[in-house]
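Asks: Show me how the following folds:
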Amino acid sequence: MNESGQLIDGNAVARGIRARLAEHLDSAAPVTLATVLVGEDPASQLYISRKIKEAGEAGIISRHQTLPADIAQDDLVEAIRILARDSSVHGILVQMPLPSALDAAEVLAAILPEKDVDGLTETNLGRLAAGLPGLRPCTPFGVMELLRHYRIATSGASALVIGRSRLVGIPMALMLAEKGVDATVSVAHSRTRDLQQLACESDILVAATGSPGMVTADFVKPGAAVFDVGVSRVDGKIQGDVRFEEVREVAGFVTPMPGGTGPMTVACLLLNTVRAAAMQGVVAPLP
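Replies: Okay, the predicted model is just below:
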């Protein structure tokens, strides 16, 4: 058993990405990210303000709209289509979740695939499933960047993703299984039998359920890489799916919460924005 697994510092890696983007965009044509917030949810406001701040650090211009929570579906879709038609806008982010009366799928469908910096349109998810290049969902993209940065072996590794959401779980599994990554991937969910046993056999474990503290030390194979993507608020504090302190005694690598996968989600949003601008011929592709 390890004395203590290596902490995966998402903040540090994200700072490096922002610096790389700022250098790439220096003297380049302006790159603009449009953000849309529907309603005044405090958590969503905080997330948007952080994205705008970090976009500025990366040399990306932000254009923000806050729309009323009671906006009609058609009016919201038209607002997104206006941004999609605007050639000065290179990426579009609609902050989720939307108010329950709105159809998120229809809103996402109004975003052009080449401006879909969240990687959540049917086109980009379909390209991922087909093994084709495209803009990738930001949270699993961030996990992949951390695997690469820390040189964690993936080829032939057994990987378990706990959670099957469109936002994280399913794209995470697809990205781990992609050619060139070559992990052997399982996806677990609420009806999975023998979950603990599956987890104990996995070299890479990604927890994305929003169940605070569900991953304990006895879920972790000694030396495994553990990524905590679940976010919950308990008694006013942010908690992840992984019991960090006890898991760190077993794992080879582990992300903290906060400071692990969260900063990488935002950093990969910015990476996607620059890649989107390159796809539109505005800036040179990233090396």
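
Asks: mind listing what's buried in stretch 193-207?
Replies: The neighbour-count check on stretch 193-207 (16 or more other Cβ atoms under 10 Å) flags 195, 198-200, 202-207 as buried. The way it works is simple: take the backbone N, C-alpha and C, and place the C-beta from them, glycine included.

Asks: Ramachandran coordinates for R63?
Replies: With angles defined as degrees, to the nearest 10, R63 sits at phi -130, psi 110.

Asks: What about the buried residues of stretch 193-207, which are in helices?
Replies: 195, 198-200 (DSSP state H).

Asks: ok, G91 touching T273?
Replies: Yes: using Cβ atoms under 8 Å, G91 makes contact with T273 at a distance of 4.0 Å.

Asks: Name the residues contacting each of these two.
Replies: Applying Cβ atoms under 8 Å, 6 or more residues apart in numbering, one finds that G91 and T273 are jointly contacted by 31, 33, 117.

Asks: Contacts only, for the second one.
Replies: It stands for L33. Contacts for L33 were tallied using Cβ under 8 Å, 6+ apart; they are 51, 55, 60-63, 89-93, 117, 269-270, 273.

Asks: related to what we said a few turns ago, could I get the shared contacts of G91 and T273 in CSV, plus columns for secondary structure and pLDDT?
Replies: Shown next, in CSV, are the shared contacts of G91 and T273 (DSSP: H, G, I helix; E, B strand; the rest coil; pLDDT from 0 to 100):
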residue, secondary structure, pLDDT
V31, coil, 98
L33, strand, 98
V117, coil, 98
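
Asks: need those residues in a markdown table with distance to R20, can you?
Replies: Below are the shared contacts of G91 and T273 laid out as a markdown table (distance: Cβ to Cβ, whole Å):
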| residue | distance to R20 |
| --- | --- |
| V31 | 14 |
| L33 | 17 |
| V117 | 17 |
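
Asks: Give me the neighbour count for L108.
Replies: By other Cβ atoms under 10 Å, 22 other residues sit near L108.

Asks: What about the contacts of L33, which are in helices?
Replies: Of the contacts of L33, the ones assigned to helices by DSSP H are 51, 55, 269-270, 273.

Asks: Going by contacts, tell me the helices and strands next to the least confident helix or strand in the chain by mean pLDDT.
Replies: Ranked by mean pLDDT, DSSP states H and E, the weakest helix or strand in the chain is strand 232-234, scoring a mean of 86. Judged by 3 or more Cβ pairs under 8 Å, 6 or more residues apart in numbering; DSSP states H and E, strand 232-234 is in contact with strand 237-239.

Asks: Mind checking what helix or strand follows the strand it packs on in sequence?
Replies: Per DSSP states H and E, strand 237-239 leads on to helix 244-248 as the next helix or strand towards the C-terminus.

Asks: That following helix: how far from the chain's middle?
Replies: Its chain's C-alpha centre and that of helix 244-248 lie 23 Å apart, by Cα atoms, centre = their mean, to the nearest Å.

Asks: Looking at it now, give me its mean pLDDT.
Replies: Mean per-residue pLDDT for helix 244-248: 96.

Asks: ok, and for that helix, which residues are buried?
Replies: So for helix 244-248, counting by 16+ other Cβ under 10 Å, buried means 244, 247-248.

Asks: Let's have the residues you listed in a markdown table, adding distance to S4.
Replies: Listed next are those as a markdown table, based on distance: Cβ to Cβ, whole Å:
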| residue | distance to S4 |
| --- | --- |
| F244 | 11 |
| V247 | 11 |
| R248 | 6 |
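
Asks: between those residues, which is closest to H149?
Replies: The shortest gap between H149 and any of these belongs to R248, at 18.5 Å (Cβ to Cβ).

Asks: Please determine how far the closest one is located from L160.
Replies: Separation of R248 from L160 (Cβ to Cβ, to the nearest Å): 18 Å.

Asks: Go through the contacts of L33 and say which is closest to G281.
Replies: Closest approach to G281 among those (Cβ to Cβ): H90, at 10.2 Å.

Asks: Provide a list of residues in contact with the closest residue to that closest one other than its chain neighbours.
Replies: Excluding the flanking residues, the one nearest H90 by Cβ to Cβ, 6 or more residues apart in numbering is A277, at 4.1 Å. Contacts for A277 (Cβ under 8 Å, 6+ apart) come out as 29, 31, 90-91, 283.

Asks: mind checking the SS state of A277?
Replies: What DSSP: H, G, I helix; E, B strand; the rest coil gives for A277 is helix.

Asks: which parts of the helix or strand G16 falls within are buried?
Replies: Assigned by DSSP H and E, G16 falls within helix 10-25. Using 16+ other Cβ under 10 Å as the test for burial, helix 10-25 gives 10, 13-14, 17-18, 20-21, 24-25.
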